[in-house]
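Enquirer: need coordinates for the below:
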Amino acid sequence: MMNGKTILIVDDEIPIAEMFRMILDAAGYTTRVAHKVVDAKAVLKAVPVDLIILDIMMPGASGLDLIKDLRKDSAFVDLPVIFVSAKSRPDDVDEGMLAGASAYLTKPVSRTELLNTVAGALDSHEPR
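Expert: A predicted model of the protein is given here:
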């Protein structure tokens with residue numbers, strides 16, 4: 001069941017990134033994984049992606065740094081980004097959404113919640 005969509009998972013916690021990868025691969029998505037923002041930028045230069053699942057707290061640059069950079073680049077200004085973070089205060093969610101996220105999930109995330117949020121973000125960015 002290939003749906004032709006490529007998702008970049010960016011999370012420094014390898015078990016979480018792998019869990020998301022397995023869930024999304026099983027649902028028919030193509031996935032790429034990066035554990036640091038610098039690696040995510042390299043993937044974005046090399047491979048077209050349809051959506052990013054992005055952790056906020058990572059060593060070096062944060063997920064917020066990455067989304068702010070992406071929103072300044074015309075090639076990525078409309079790319080759907082879903083934050084998945086342990087930061088769950090309303091101020092954290094507001095900061096993520098104001099930075100340009102399509103959605104904000106707090107860890108732990110269920111399989112159903114992840115797949116529904118990914119499908120919704122992709123649907124809302126489909127050309128009409």
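Enquirer: quick one, phi psi at the nearest residue to residue 76 once chain neighbours are set aside?
Expert: Excluding its sequence neighbours, the residue lying closest to residue 76 (CB to CB, 6 or more residues apart in numbering) is residue 70, at 4.0 Å. Glycine gets a C-beta too; all of them are placed from N, C-alpha and C. In terms of degrees, to the nearest 10, the main-chain angles of residue 70 are phi -60, psi -40.
Enquirer: number of nearby residues for residue 70?
Expert: Residues within reach of residue 70, counting by other CB atoms under 10 Å, total 21.
Enquirer: low pLDDT regions in the protein?
Expert: For the chain, applying pLDDT under 70 flags the ranges 1-2, 126-128.
Enquirer: quick one: the helices in it, in order.
Expert: 14-26, 37-46, 63-71, 90-98, 111-124 (DSSP state H).
Enquirer: buried ones in the longest one?
Expert: Spelled out, that is helix 111-124. Buried positions in helix 111-124, judged by neighbour count with 16 or more other CB atoms under 10 Å: 114-115, 117-118, 121-122.
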